[in-house]
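1. Whatever this is, show me its structure:
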Amino acid sequence: MRIVVHGQQAFGKSILEALLNRGEDVVGVFCAPAAPGGRVDPLQETAESHNLPVYQPKSYRKPEVRDTFAALESDLCVMAYVTLFVPEEVLNLPRLGTIQYHPSLLPRHRGPSSINWPIIWGEKQTGLTIFWPDNGLDTGPILLQKTVDIADTDTLGSLYFDQLYPLGVEAMLEAVDQVRDGTAPKIPQNETDATYEGWCRKEQVEIDWSQPLDAVWNLIRGADPQPGAWSTHAGQEVQIYDAGKLPGTSASHPGEVTAVDENGITVAALGGYLAIQRVRPAGGKKMAAAAFAQEAGLLPGARLGGS
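-> Got it, this is the predicted structure:
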């Protein structure tokens, strides 16, 4: 098949490399427009190293972009991490259509932060979907799905890079084979099970220390590394990473620092403690929590946040 790869960043690069490594006929690559003075996108860089034509339109609604896409005479488009809206008139240009990766078990967790929210809400499983995109947001028919467990110690980073990323590359290759063989299904999504969540942004991840230990713990790991759960000390914001959960009975007020040592900062929560190993102060870089405590004069008895 003549394949177009459309995506960006490391995941798009990995999809392209996986297709090329097994001899697929990639006829063109579409990726995000380059930011002025910014780093070259890894997908663009890889495509150019293989002498593949690269296209970086700012919009897919323009007739000239549609004409460029059509001129490739592709059989299939593979979408791997695409943030610009692509209308159906472009999605349907390849002879066999377009397939797309989404890191959740659709129709659950449609939207741009579909890895963060299952962790934040304490869910035990998530997964990925390869589907046939349409004009809706993550609403097209399902081709295949893979389920993964969410460990109690998983963060956004570990869940994606250790599971959803590599499994997603394998799933996309499997989906391409099914399309080629004519066995790829188009299973309508069950709208009664559908959920949509918007971006997980800074304003959604301020720590409420009055919440139960598990809720605070899930928020921290579901926002690690982005956007970074945060609290305040002496009126200054502090993002929290690499925390550990210590269940137990605490006589201290939630949000109270109960210990500071070489391992980090221990903070009381409702139903136990959080052992914080790494933080990022406002305007600074990530650093060991112990070093931050020393610089900021953070001592046992201090209170984080507005608790």
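
2. how's this structure carved up into domains?
-> Taking automatic domain parsing as the criterion, the chain consists of the domains 2-193, 202-296.

3. okay, these in CSV with mean neighbour count next?
-> The C-beta positions use only the backbone N, C-alpha and C, and glycine is treated the same way. Converted to CSV, the domains of the chain look like this (neighbours: other Cβ atoms under 10 Å):
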stretch, mean neighbour count
domain 2-193, 18
domain 202-296, 18
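
4. out of everything not next to it in sequence, what's closest to A175?
-> I130 (4.2 Å; Cβ to Cβ, 6 or more residues apart in numbering).

5. Quick check, I120 in contact with A223.
-> Yes - in this structure, I120 is within contact of A223 by Cβ atoms under 8 Å, at 7.2 Å.

6. Report the set of residues contacting both of those two.
-> C200, V205 (Cβ atoms under 8 Å, 6 or more residues apart in numbering).

7. returning to that earlier point: can the domains of the chain go into TSV with extra columns for mean pLDDT and distance to R303?
-> Converted to TSV, the domains of the chain look like this (pLDDT from 0 to 100; distance: least, Cβ to Cβ, whole Å):
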stretch	mean pLDDT	distance to R303
domain 2-193	97	24
domain 202-296	95	5
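
8. Let's have these in a markdown table, adding distance to A302.
-> Output for those, formatted as a markdown table (distance: least, Cβ to Cβ, whole Å):
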| stretch | distance to A302 |
| --- | --- |
| domain 2-193 | 26 |
| domain 202-296 | 5 |
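
9. Select the longest strand from the protein.
-> For the chain, the strand with the greatest residue count under DSSP state E is strand 236-247.

10. Okay, now the sheet partners of that one, with direction.
-> According to DSSP bridges, strand 236-247 has the following sheet partners: strand 230-233 (antiparallel), strand 272-281 (antiparallel).

11. Can you pull out the residues in contact with the last one?
-> In this structure, residues lying in contact with strand 272-281 by Cβ under 8 Å, 6+ apart are 213, 216-217, 220, 228, 236-250, 258, 263-267, 286-289, 292, 296.

12. Take that strand, keep the C-alpha atoms, and write them as PDB.
-> C-alpha atoms of strand 272-281 as PDB (Å, rounded to 0.1, in the frame of the first residue of the first chain):
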ATOM      1  CA  GLY A 272      -1.700   9.000  55.800                       C
ATOM      2  CA  TYR A 273       1.200  10.900  54.400                       C
ATOM      3  CA  LEU A 274       2.900  11.800  51.100                       C
ATOM      4  CA  ALA A 275       6.700  11.400  50.800                       C
ATOM      5  CA  ILE A 276       7.800  14.100  48.200                       C
ATOM      6  CA  GLN A 277      11.100  13.500  46.600                       C
ATOM      7  CA  ARG A 278      11.200  16.100  43.900                       C
ATOM      8  CA  VAL A 279       9.700  19.500  43.300                       C
ATOM      9  CA  ARG A 280       9.900  22.500  41.000                       C
ATOM     10  CA  PRO A 281       9.600  26.000  42.600                       C
END
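
13. List the contacts of the residue positioned nearest the centre of the chain.
-> By Cα atoms, centre = their mean, the chain has its centre lying nearest to I115, at 5.2 Å. Residues counted as contacts of I115 (Cβ under 8 Å, 6+ apart) are P103, S104, T126, L156, L159, Y160, L164.
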